[in-house]
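> the following comprises the amino acid sequence and a computationally predicted model.
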Amino acid sequence: MTVAGSRLQPTLFERSRPGRGGGKIPHPPPDALDRIPAAQRREVPAGLPELNEPEVVRHYVNLSQLNYAIDTGFYPLGSCTMKWNPKLNEWAARLPGFTELHPMAPDAVAQGTLQLLWELEQILCEVSGMRAVTLQPAAGAHGELTGILMIRAYHEGRGDLGRTEVLVPDSAHGTNPATATMAGLRTVSLPAAPDGGVDLDAFRAALGPQTAAIMITNPSTLGMFESRIGELLDLVHGAGALAYMDGANLNAILGRFKPGEAGFDVMHINTHKTFSTPHGGGGPGAGPVGVGEKLLPFLPAPRVLREPDGSFRIEAVGERPSSIGRMRSFVGSTGVLVRAFAYLRTHGDSGLREVTDDAVLAANYLKARLAASGLYDIPFEGPCKHEFIASASSIKKRTGVRTLDIAKRLLDHGFHAPTIYFPLTVDEAMLIEPTETESIETLDAFADALITIAREAESDPDMVTSAPHTAPTKRLDEAGAARNPNLRWRAAATGSWTPCPD
Amino acid sequence: MVPPELRYTKDHEWVRVEGDTATVGVTAYAAEQLGDVVFVELPDAGRSLEQHATFGVVESVKAVSDLFAPITGEVAEVNAALAGSPELVNSDPYGTGWMIRVRVADAGQVDELLDAAVYEQLISEG
């Protein structure tokens, strides 16, 4: 059995043996259940696994070693900005002053945390060019919803009730149409022009008194800055609509383009992408939202306020009646926000500009290397921002090897695959985003791997289409897993009552 | 490869008209682009569809895509087999992989759909 193979092991439930490991955890006193009515008590023991400590620790450590993570290797997942998460952030977030603060603590004993949150809002205002920021939203898509709800409140507040449509370019993030729908509005999809930007004629035709907002991801998921952004924003505002910027790709424009100054009315910021908070673990997240003048009154409540004497307090309930209300419990995912603050303060303004410059340089370097190979199609030529699209369309026509196969073969080379089949508008797409935190040696090794695989597709296509060969599992039946999901584990037998040690 | 007797949309749906009923599905080209289909969400019978509005969702291992009504009309019947066997969309897109039957409200809309030659041209351009 391979090293990896031996880590694919039975579940804790399957390894359970009656009585094993008993007595190591504190047991309740013998009379603990006396005051629970008999009808409320469990009749049969819960089917909990019984193991000893080394079995449990080895189980999880071995499973953790099956993970591919930014801590183990290069992760060029386009549109996700899988940059390195500095360990300094973790130190900051673990400071007891933050971790031991009770969420219900009175303002007087929470001054440090409130100050950090307030200062973080100021820094994000500076970065985004917005007037004010709310830290409440728990993720990017939650931020989008927050922004669109504020836009709806703005139109309604002016008695402008006919604005029911949100324009979304087809190069936008997939969450944008979902956000519009969640906010009770209708999505109108805009086609891209041949250069990948928004088609201005289609945009003009779709814009009207029924338009509530446009949502633009800039740079787009094609990795391109929207070159007609000034015209777009003028047209939007001329029509009485507002402009939402999806800040998912903020890593490409730090210190170079401020959406608020350009005229965007609202944007969200993905701290897990741009400001290196942990990513991909399913949460908690943070998706702060910045607003310009028009949406200022509608910001979610409560806000963190600074008093004239320099102290900080949380806005009282009902203090600002124009607010759209609460979007999340308390003031946001504070632990995540501490990490973002640490990242921002360690970089400073020149450091952040360098982040963007290096991220864009790395993407263009990889793009140029793949283009020079002549093996991959590069659908949009010219310089890109922080990510770019390559396509295996020609390789597929010549050899039958698809983007999916190449992605699987990359695993054998020790790399996480890029995003594949997104954006949907490009055939056999690969969306590659190296981020600024990788060395040139890593970028070269990744380009070499892609080139090697493209050549292998010509000489030995079966090797590619049957990949991965060295991963812990072979090619998974993704369609079968989705069509016949096995979502629930059932105990083979019920557990036993573990006797309390005397 | 494209059945000559059907009508098509730019969104890669096909329409087969029999009397005042139109059967709707997605084309083989669409099915191939989608990859293995794992879930199809369809409207209930009796729902009114408006031309170009979404009437359902098809989910594959690659993507989740909207289905657009090629014509206006009421849903007369839904292919219940797709709930348990979404793979029919891949294996038999023009046959057992059909999605809905619609009562045609305006025959003029059918006449304006693409014919097989035009659709074939559309997909060959990529």
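Sure, I can see it.
> now do the contacts for the spatially most central residue of chain B.
Against the mean C-alpha coordinate of chain B, by CA atoms, centre = their mean, the closest residue is residue B:25 at 2.4 Å. For residue B:25, the contacting residues are B:13-14, B:89, B:93-94, B:97-99, by CB atoms under 8 Å, 6 or more residues apart in numbering or on different chains. The way it works is simple: take the backbone N, C-alpha and C, and place the C-beta from them, glycine included.
> quick one: mean pLDDT over the helix or strand where it lies.
Here residue B:25, judged by DSSP states H and E, is contained in strand B:21-26. Averaged across strand B:21-26, the pLDDT comes to 96.
> repeat for stretch A:279-288
The average pLDDT for stretch A:279-288 rounds to 81.
> gap between the two ends of it?
The straight-line separation of the ends of stretch A:279-288 (CA to CA, to the nearest Å) is 15 Å.
> what kind of secondary structure is the nearest residue to residue A:103 once chain neighbours are set aside in?
Nearest non-adjacent residue to residue A:103, counting by CB to CB, 6 or more residues apart in numbering or on different chains: residue A:330, 5.2 Å away. Using DSSP: H, G, I helix; E, B strand; the rest coil, the structure places residue A:330 in coil.
> tally of neighbours for residue A:330?
Neighbours of residue A:330 under the rule other CB atoms under 10 Å in any protein chain shown: 12.
> all strands of the stretch 301-450 of chain A, in order?
A:304-306, A:312-314, A:388-391, A:419-420, A:429-432 (DSSP state E, counting those that start in this stretch).
> same check on chain B?
All strands of chain B, identified by DSSP state E, fall at B:7-8, B:13-18, B:21-26, B:37-41, B:48-49, B:54-60, B:64-68, B:73-78, B:100-104.
> quick check, the fourth one touching chain A?
Pointing back at strand B:37-41 there. Yes. Strand B:37-41 reaches chain A (CB under 8 Å from any CB of the partner chain) through B:37-39.
> how about residues contacting that strand?
When contacts are defined by CB under 8 Å, 6+ apart, strand B:37-41 is touched by residues A:479, A:482-483, B:31, B:56-61, B:82-83, B:86-87, B:89-90, B:99.
> picking that back up, closest to residue A:139 out of the residues of strand B:37-41 next to chain A?
Closest approach between the residues of strand B:37-41 next to chain A and residue A:139, by CB to CB: residue B:39, at 24.0 Å.
> report the beta-bridge partners for that closest one.
On the basis of DSSP bridges, residue B:39 is bridged to residue B:59.
> give me the neighbour count for it.
Applying other CB under 10 Å, I find that residue B:39 has 14 neighbouring residues.
> same check, this time on the one 10 residues further on
Residues near residue B:49, counting by other CB under 10 Å, number 23.
> now the closest residue to chain B within the stretch 51-200 of chain A: phi and psi?
Using CB to the nearest CB, the single residue of the stretch 51-200 of chain A nearest to chain B is residue A:174, 8.1 Å away. The phi and psi values for residue A:174, taken as degrees, to the nearest 10, are phi -60, psi -20.
> for it, give me its contacts.
Counting by CB under 8 Å, 6+ apart, residue A:174 touches residue A:422.
> would you mind measuring from it to residue A:144?
Applying CB to CB, to the nearest Å, the value for residue A:174 to residue A:144 is 11 Å.
> need the helices for the stretch 401-502 of chain A, in chain order.
Applying DSSP state H, counting those that start in this stretch to the stretch 401-502 of chain A gives helices spanning A:403-412, A:440-459, A:461-465, A:478-483.
> need the winner for burial among these.
Among these, the stretch with the highest mean neighbour count (mean count of other CB atoms under 10 Å in any protein chain shown) is helix A:403-412, at a mean of 22.
> and the average pLDDT for that helix is what?
97.
> for chain A, list the residues in contact with chain B, please.
A:421-422, A:424, A:427, A:478-479, A:482-483.
> closest to residue A:435 among those?
residue A:422 (17.4 Å).
> contacting residues around the residue lying closest to that closest one once chain neighbours are set aside?
Excluding its sequence neighbours, the residue lying closest to residue A:422 (CB to CB, 6+ apart) is residue A:431, at 5.8 Å. Applying CB under 8 Å, 6+ apart, we find residue A:431 in contact with A:78-79, A:221, A:223, A:387-389, A:418-420, A:422-423.
> tell me the bridge partners for residue A:431.
residue A:389, residue A:419.
> confidence score at it?
Predicted confidence (pLDDT) for residue A:431: 97.
> kindly report the same for residue A:65.
86.
> likewise residue A:359?
In the predicted model, residue A:359 carries a pLDDT score of 98.
> who's in contact with it?
A:83, A:251-252, A:386, A:434-436.
> about what we covered before: which of the contacts of residue B:25 tops the neighbour count?
Most surrounded of the contacts of residue B:25: other CB under 10 Å gives residue B:14, at 29 neighbours.
> go ahead and confirm residue A:450 touches residue A:409.
No. Here residue A:450 lies out of contact with residue A:409, judged by CB atoms under 8 Å, at a distance of 9.3 Å.
> pull out the buried positions in stretch B:20-32.
Of the residues in stretch B:20-32, B:22-31 count as buried by neighbour count, 16 or more other CB atoms under 10 Å in any protein chain shown.
> possible to save those residues as TSV with distance to residue A:104?
Putting the buried residues of stretch B:20-32 into TSV (distance: CB to CB, whole Å) gives the following:
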residue	distance to residue A:104
B:22	61
B:23	60
B:24	56
B:25	57
B:26	54
B:27	58
B:28	60
B:29	58
B:30	54
B:31	55
